[in-house]
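S.K.: take a look and give me a structure for this.
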Amino acid sequence: MNKDNKAKLALTIYFTVVLVLAAGAIINFYIRIFAFSLLGIGILIIIWVLTFGKKNIYRKNKEIHISKDKIKALSTGLILSSWNREYVNSLEMYPEKKEKQIKEVEAKNLEYMWGINDTDTAIDTLDWLKNEGQNFIYEFIFMDKNFTFFAHPENDIYKEIAREKLLQYNPDGSYFNRFLQYRNNLKNSINLLKEEKVIKELKDLHNIKAVAWDIGRIVNVARWCYMQNYISKETAWNYIEYAYKKAKENYKSWDEFAKGFMLGRILWCGNNGSHEFMFLRIKILITDKESPWVMYPLN
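M.R.: Numbering: from 1, shown residues only. Modelled structure (predicted):
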């Protein structure tokens, strides 16, 4: 190859590299624009939720009027009912004109998520939430006052204690497997709990009762079952009023209740990416003057 050809080849390689780098820079530029656009949209959504979105959080049934005491009791399930955009001031959960459509979806959800498809399964599930729930297993996690399994798993005597007791109660081992999963969920979510100011340090977990996760869901499940005609209105109110009574017994305020609810939820499903949005919703529920929690304090 003569010198001219070598020079042409060198120039060709040089300009090819320059073009590739330039194209990469242009692509990166548009990627950055796309990323910043998504960030901007996310910020706008959060602003909308925190301002205009508030109007849609507390859906009110204008056709039915109930006592303040019953609204207070319903407020025990406010986190999920506001999340699902259900009525916050009546046992009925959505407009009558949408009842058939929503009932079909909720019937499938009840069967898939809860195994509920008739009166017997509805009562069995509500009684389980009332008498046992996830909190039955959570209590074995909190036996470990120092949370040894975090830093010193080799000294974890509580795992064996839990294994023995849970296998006595539930021989097929499913409860013990849940115990291990819930502990792992907690371990992987500590930073989130600190970021959301639920706790400052690990030992603060002992000041929060996770039973709110079961108590709050009693209200929602009772309402869903009532809407499917699995239970009567009287039965639904009995469960709801029981849940409200337990909330008052275990928590000083709705803020405290919400922390317990979220701790229970995180133990149950781990840090799945949805908790941050629910924490945002809770901040509104405990501060907005139109919130039932602000209008009707727990204690």
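
S.K.: mind listing residues that contact stretch 266-274?
M.R.: Contacts to stretch 266-274, defined as C-beta atoms under 8 Å, 6 or more residues apart in numbering, come from residues 134, 138, 141, 182, 184-186, 188-189, 192-193, 210, 213, 275. Bear in mind the C-beta positions are built from the backbone N, C-alpha and C, glycine included.

S.K.: swap the cut-off to 10 Å and go again
M.R.: Residues from elsewhere that reach stretch 266-274 (C-beta atoms under 10 Å, 6 or more residues apart in numbering): 83, 134-135, 137-138, 141-142, 178, 181-193, 196, 198, 210, 213-214, 265, 275, 278.

S.K.: tell me the buried residues within those.
M.R.: 83, 134-135, 137-138, 141-142, 178, 182-183, 185-186, 189-190, 192-193, 196, 198, 210, 213-214, 265, 275, 278 (16 or more other C-beta atoms under 10 Å).

S.K.: which ones among these lie within helices?
M.R.: Among the buried ones among the contacts of stretch 266-274, the members falling in helices are 83, 135, 137-138, 141, 178, 182-183, 185-186, 190, 192-193, 213-214, 265, 275, 278 (criterion: DSSP state H).

S.K.: for Asn299, give its distance to Lys200.
M.R.: From Asn299 across to Lys200, the span is 24 Å (C-beta to C-beta, to the nearest Å).

S.K.: list the buried residues of the helix or strand encompassing Asp69.
M.R.: Following DSSP states H and E, one finds Asp69 within helix 68-74. Buried residues in helix 68-74, counted by 16+ other C-beta under 10 Å: Lys70, Ile71, Lys72, Ala73, Leu74.

S.K.: distance of the spatially closest residue to the second one that is not a sequence neighbour relative to Gln228?
M.R.: It refers to Ile71. In space, and not counting its chain neighbours, Ile71 is closest to Asn89: 5.4 Å by C-beta to C-beta, 6 or more residues apart in numbering. Asn89 is 20 Å from Gln228, where distance means C-beta to C-beta.

S.K.: swap in Asn109?
M.R.: As judged by C-beta to C-beta, Asn109 and Gln228 stand 10 Å apart.

S.K.: where do the contact lists of those two overlap?
M.R.: Taking C-beta under 10 Å, 6+ apart as the contact rule, Asn109 and Gln228 both touch Ile116.

S.K.: between these two, which is the more surrounded one?
M.R.: Between Asn109 and Gln228, counted using other C-beta atoms under 10 Å, the more crowded position is Gln228 (19 against 12).

S.K.: that one against Trp114, yeah?
M.R.: No: checked against C-beta atoms under 10 Å, the pair Gln228 and Trp114 is beyond contact range at 11.2 Å.

S.K.: residue contacts, the residue nearest to Met227 when sequence neighbours are not counted?
M.R.: In space, and not counting its chain neighbours, Met227 is closest to Met93: 5.7 Å by C-beta to C-beta, 6+ apart. By C-beta under 10 Å, 6+ apart, the contact set of Met93 is 59, 61, 81, 84-87, 99, 102-103, 106, 220, 223-224, 226-227.
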